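Chemist: What follows is a predicted protein model with its sequence.
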Amino acid sequence: MKQIEFTFSRPDVSTAVHLVSRITDIDAPSDFLILDSGVKNIYEDSLFSCDNVIELPGGEASKTPDILKRLWLEMGQAKLRRDSRVVVIGGGAVCDAGAFAASTWKRGVSLTLVPTTLLCMVDASLGGKTAVNIAGEKNQAGTVYPASEIIICPEFLQTLPSEEMVNGLAEALKTAVTGDRQIVEYLLQKDYLQAVTACLAVKGRIVAADLEETGERRLLNLGHTIGHCIEAISGFTISHGAAVAMGIPVAAEMGGNDDFAMEFREIARKLGIETVIPSTITYQRILKHLESDKKTTAAGRIWIIPRGWEDCEQVLLDQTAERELLEKAWH
C-alpha cells in the first residue's frame, strides 16, 4: 500500500491518500457505509461488510436535498456519534452527497472516501468540496470538509462504462492544463495509475495552500463556469467532465487564445472527448444559467482563462465585459 499525505492551510485538517491494487485490499472499518448501487451490483462480494449500509443511485440523482434528508434520518436511526466513521464508496455524485451528510451530522464525523470512477479519483474525492443541486442548478448548497482518508483502487476502472471513463479523462485533461502537461502523455498512453497520482499531486498542492478557495484554488474551476451551465441546461444528461471539456476552449477563446483552444480540442479528440457544444445549448440559455453560478459577486464573476499549459489566469469580468467576450467566443 502506498500512502500520500496532504496537509491543508488549516493545521487541524489533513487527508491521507492510500493507493491499493485490489478491491479486496480495501480496509475501511465503518459505522455507516454509503454505497453506490451500481458498485454494489458488481462488487458486493469483494467489499468489506458493515451493519449500516445505505445505497444511493449513481449520478446527479444522488445530489438532491431529499437524498440528504434521507441520509440524515438513516444516520439518526444508526445512532451515529461524533466519533463515528462514515465511509462512502462510489462516483463523484455519491461521494458529494455522502460527504455533505457526514460534514453536517453532529457538526462533522470522520469520513473515508473510496472513489470508484476516474473523475472522482483524479478530482472530486480530494479537497473537501461537498454539494447538492437545488432547483436544477448545480452545486448550490454545500460545505468544505476534507475526508480524513481516501482509498484509491484502479481495479474499479476495469468495469467503468466508456462514457464514465471519458468523463474522468476530461477532468484529468483539465488538471493537465492547470498544473502538469505530463498528464496528457499518461492519458494518451492509458497509464491511468500515473495519471491519477499526478492529478492528485497537482490538486493536492493547490488545495493544501488554499483550502477555502480564496486564491489559487479558483484555478481548479477552469471550464466549470460554462460547464455547470451546460450540465444544467441538458438536465444533467451531459456529464460533468464532458461539460468542463466543452467549457475550457470557450474560456481560452474569451481570452483570445485561439491556438490553445485548437490544440486542446485536438488532444481531447484523441482521447475520445467531445468538445462541440450541442446546438440546443444557446448563448441566451447560458446567460440565464450564469446568474446562478456560485462564483458570482456584485463586482462580477471570476473566470479562469487558460493562456497555455500550466498557465491559467484569474480574470474578474463585470457583466458587460463578460457578455462581450462570451458572445464573441460563442460565435
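Modeler: Great, that's in hand.
Chemist: Can you report how many residues neighbour the nearest residue to K2 once chain neighbours are set aside?
Modeler: Distances taken as CB to CB, 6 or more residues apart in numbering put L19 closest to K2, at 4.2 Å, once the chain neighbours are dropped. The way it works is simple: take the backbone N, C-alpha and C, and place the C-beta from them, glycine included. For L19, the neighbour count with other CB atoms under 10 Å is 19.
Chemist: what about L19, distance to I34?
Modeler: Computed as CB to CB, to the nearest Å, the L19 to I34 distance reads 22 Å.
Chemist: Could you do T214 as well?
Modeler: Applying CB to CB to T214 and I34 gives a distance of 30 Å.
Chemist: Which one's more surrounded, these two?
Modeler: A count of neighbours by other CB under 10 Å puts I34 above the other of T214 and I34, at 29 against 9.
Chemist: residues contacting the residue nearest to the more buried one when sequence neighbours are not counted?
Modeler: Leaving aside its chain neighbours, I34 sits nearest to G98 (4.0 Å; criterion: CB to CB, 6+ apart). By CB atoms under 8 Å, 6 or more residues apart in numbering, G98 lies in contact with I34, L56, L71, V86, V88, G90, L113.
Chemist: How is G98 assigned, secondary-structure-wise?
Modeler: Put simply, G98 is helix when judged by DSSP: H, G, I helix; E, B strand; the rest coil.
Chemist: measure it to E274 for me?
Modeler: Taken as CB to CB, the span from G98 to E274 is 29 Å.
Chemist: Kindly report the same for K129.
Modeler: Noted for K129: a distance of 25 Å to E274, by CB to CB.
Chemist: Looking at these two, which is more packed in?
Modeler: Set K129 next to E274 and count neighbours by other CB under 10 Å: K129 wins out with 21 against 15.
Chemist: Verify the stated contact: that one with G142.
Modeler: Yes - when contacts are counted by CB atoms under 8 Å, K129 is listed as touching G142 (6.4 Å).
Chemist: For the residue lying closest to N139 once chain neighbours are set aside, identify the helix or strand it belongs to.
Modeler: Using CB to CB, 6+ apart and skipping the chain neighbours, the partner closest in space to N139 is A131 (3.8 Å). In the assignment (DSSP states H and E), A131 maps to strand 129-134.
Chemist: ok, the helix or strand just after that strand: who's next to it in the sheet?
Modeler: Downstream of strand 129-134, the next assigned helix or strand under DSSP H and E is strand 137-144. If you go by DSSP bridges, strand 137-144 pairs up with strand 129-134 (antiparallel).
Chemist: Pull the distance from the partner strand to the chain's centre.
Modeler: Centroid displacement of strand 129-134 relative to its chain, using CA atoms, centre = their mean, to the nearest Å, is 11 Å.
Chemist: do the same with stretch 48-55
Modeler: For stretch 48-55, the distance to the chain centre is 24 Å (CA atoms, centre = their mean).
Chemist: just checking, what packs against the strand or helix carrying V17?
Modeler: Using DSSP H and E, V17 sits within strand 14-19. The elements that strand 14-19 packs onto, with contact taken as 3 or more CB pairs under 8 Å, 6 or more residues apart in numbering; DSSP states H and E, are strand 2-7, strand 149-152, helix 192-209.
Chemist: State the next helix or strand along the chain beyond the second one.
Modeler: Downstream of strand 149-152, the next assigned helix or strand under DSSP H and E is helix 162-179.
Chemist: just the last one next, same as before
Modeler: Secondary structure here is assigned by DSSP H and E; on that basis, the next helix or strand after helix 192-209 toward the C-terminus is helix 224-233.
Chemist: Can you give the contact residues for that next one?
Modeler: 60, 136-139, 238-240, 243-247, 250-251, 277, 280-281, 285-286, 289-290, 292-293, 295, 301, 303-304.
Chemist: Which pLDDT value goes with the residue nearest to G272 when sequence neighbours are not counted?
Modeler: The shortest distance from G272 to any non-neighbouring residue, by CB to CB, 6+ apart, is to V166 (5.5 Å). What the model reports as pLDDT for V166 is 94.
Chemist: Equivalent analysis for the one 4 residues further on, please.
Modeler: What the model reports for A170 is a pLDDT of 96.
Chemist: and if you look at V94?
Modeler: pLDDT, V94: 96.
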